[in-house]
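Asks: sharing a model prediction with you, sequence too.
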Amino acid sequence: MNHRRVLILVIALLMVGGLAFWPTTNPYADGEVLVGAGDIASCGSEGDELTANLLDNIDGVVFTAGDTSQADGTPQFWQECYEPSWGRHKARTRPAIGNHEYQGVPSPKAYYDYFGENAGPPMLGYYSYNLGSWHIIVLNSMLPIGKGTPQEQWLRADLAANPTACTLAIWHHPIYSSGRYGYTTRMRQAWNLLYAAGADVVINGDAHHYERFAPMDPRGRIDREHGIRQFIVGTGGGYLTPLGKAWPATEARQNEAWGVLKMTLGNGGYSWEFIPVVGRSYTDSGSAACVGPRQQ
């Protein structure tokens, strides 16, 4: 048997064995970690305790993708239901607000009081920060963001002032979803501005499942060269909800496991890993290069 046939045989055996011995590398393994989920805390569910246990063993900045509260926005809820689980990571949490934080109260003041400066300017809920070489933008999908609104003008200014190669945005209500809650168009202008600026990733909650999409343009069409990749991570501990018909750009989804999304943000790209709670086996992982500023 000549050397060429031996090489082909070895490769075939590796493939049959699931590439068990084939070396794999993550080019962004040394980046900054951003980890979290949305739709989290409830006094009547063990899910938030289980996902908080995952955070105990993951360093980095913790994000929430809205509905941090699964009940209401009262001060009592934050102390009795959120504090015992994800509350132990409050000092390193940069939250996004959802609709439940507005429920049962005249305003979401208790949310801002609880998280303090980490939640951005009081009563606005939109802010940004840098994490390594990445620019992170947090938006409030409960406030208008149509053309000319204060949040839209702020986003325009923030993108112009931070022309980084890699940008990630977080807000609660997804534009695209194949879950029970469907999707909303209320954040369309945000996607338009982020796409034009060359943003790379959007993370949402609201739909109580996990879903990863191929990079998309503002109309939801697959755009692998310039598109934004969306993740739905409504798996922080609240009840999980049924899935409907998959969106054309859906690449992975599940509604059987609570868990967190770990993003590793490196120079020029990122990797992702969905980590399920103990007792569940679903995982999803991968990596991609940043899009970079688009030519106008």
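Replies: Received it, and whenever you're ready, just let me know what you need. Numbering: from 1, shown residues only.
Asks: just how off-centre is stretch 142-157 within its chain?
Replies: From the chain centre to the centre of stretch 142-157 is a distance of 21 Å (C-alpha atoms, centre = their mean, to the nearest Å).
Asks: residues in contact with that stretch?
Replies: Stretch 142-157 has contacts (C-beta atoms under 8 Å, 6 or more residues apart in numbering) with 97-99, 102, 124-126, 137, 139-140, 172, 186-187, 189-190, 193. Yep, even glycine has a C-beta here, placed from its N, CA and C like the rest.
Asks: now with 6 Å, please.
Replies: 126, 189-190, 193 (C-beta atoms under 6 Å, 6 or more residues apart in numbering).
Asks: next up, the contacts around Pro218.
Replies: Contact analysis of Pro218 by C-beta under 6 Å, 6+ apart lists 191-192, 195.
Asks: likewise Ala197?
Replies: Counting by C-beta under 6 Å, 6+ apart, Ala197 has contacts Leu159.
Asks: could you check how far it is from Gly132?
Replies: Counting by C-beta to C-beta, to the nearest Å, the gap between Ala197 and Gly132 amounts to 18 Å.
Asks: what of Ala157?
Replies: Taking C-beta to C-beta as the measure, Ala157 falls 22 Å from Gly132.
Asks: pick out whichever of the two has more residues nearby.
Replies: With neighbours defined as other C-beta atoms under 10 Å, Ala157 and Gly132 compare such that Gly132 has more, 17 against 10.
Asks: which residue packs closest to the more buried one, ignoring adjacent ones?
Replies: If the residues on either side of it in the chain are set aside, Gly132 comes closest to Glu32, at 3.8 Å by C-beta to C-beta, 6 or more residues apart in numbering.
Asks: what's the pLDDT at that neighbour?
Replies: Glu32 is assigned 97 on the pLDDT scale.
Asks: my guess is it meets Ser133, correct?
Replies: No - with contact defined as C-beta atoms under 6 Å, Glu32 does not count as touching Ser133 (8.2 Å).
Asks: ok, the two, which is more surrounded?
Replies: Neighbour totals were compared for Glu32 and Ser133, and Glu32 leads with 19 against 15 (other C-beta under 10 Å).
Asks: quick one: residues contacting the more buried one.
Replies: Counting by C-beta under 6 Å, 6+ apart, Glu32 has contacts 131-132, 265.
Asks: can you put those residues in CSV and add distance to Asn53, secondary structure and pLDDT?
Replies: Putting those into CSV (distance: C-beta to C-beta, whole Å; DSSP: H, G, I helix; E, B strand; the rest coil; pLDDT from 0 to 100) gives the following:
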residue, distance to Asn53, secondary structure, pLDDT
Leu131, 24, strand, 98
Gly132, 26, coil, 96
Leu265, 23, strand, 98
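Asks: relative to Pro276, which of the residues you listed is nearest.
Replies: For the contacts of Glu32, the closest approach to Pro276 (C-beta to C-beta) belongs to Leu265, at 21.6 Å.
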